[in-house]
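**Q** Quick one, fold the following:
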Amino acid sequence: MDNAGDGGYRDLIAWQKAMILVRSVYELTKTWPHHEQFGLTNQVRRAAVSIPSNIAEGKGRSGIREYSHHLSVAHGSLCELETQLLIAQDLGYAARGQVESVLHQTAEVGRILRGLIKSIS
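**A** Numbering: from 1, shown residues only. Down below sits the predicted model:
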């Protein structure tokens, strides 16, 4: 199993930043309407959780091809999250400033992920 000190997934900046993003998403969605608990709120949270989860799973797999695939899935989840946040903003569930703050984080994670994908290709 990967440990923090042995070059595992927890050492990856992409994973670390994605974990911070998950916390931000959960904080943001706490105040969303109760009737969205099993709708958009759940989807947004699942997309956010998928990002570090896929980074970790890919790093834990054997082979660059599988790693690259999981990083690509993580990037797809990131794009999904961004879209869902914009939908929530349009629906008035979150203020523009709150969404912009989280979108700034998604942009940073995206840059890091794309760099990581490029570095292993």
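**Q** which helix is the longest one in this protein?
**A** Ordering each helix of the chain by length in residues (DSSP state H) puts helix 64-90 first.
**Q** Centre of the chain to it, how far?
**A** In terms of CA atoms, centre = their mean, to the nearest Å, the centre of helix 64-90 is found 7 Å from the chain centre.
**Q** So which elements touch the next helix or strand after that helix?
**A** Beyond helix 64-90 in the direction of the C-terminus, DSSP states H and E gives the next helix or strand as helix 96-120. For helix 96-120, the packing partners by 3 or more CB pairs under 8 Å, 6 or more residues apart in numbering; DSSP states H and E come out as helix 13-29, helix 64-90. C-betas here are computed from N, CA, C, even on glycine.
**Q** What confidence value was assigned to Ser62?
**A** The per-residue pLDDT reported for Ser62 equals 85.
**Q** Is it in a helix, a strand, or coil?
**A** Look at Ser62: counting by DSSP: H, G, I helix; E, B strand; the rest coil, its state is coil.
**Q** In CSV, list the helices and strands packed on helix 96-120 along with distance to Gly58 and mean neighbour count.
**A** As requested, the helices and strands packed on helix 96-120 are exported to CSV (distance: least, CB to CB, whole Å; neighbours: other CB atoms under 10 Å):
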stretch, distance to Gly58, mean neighbour count
helix 13-29, 10, 19
helix 64-90, 3, 17
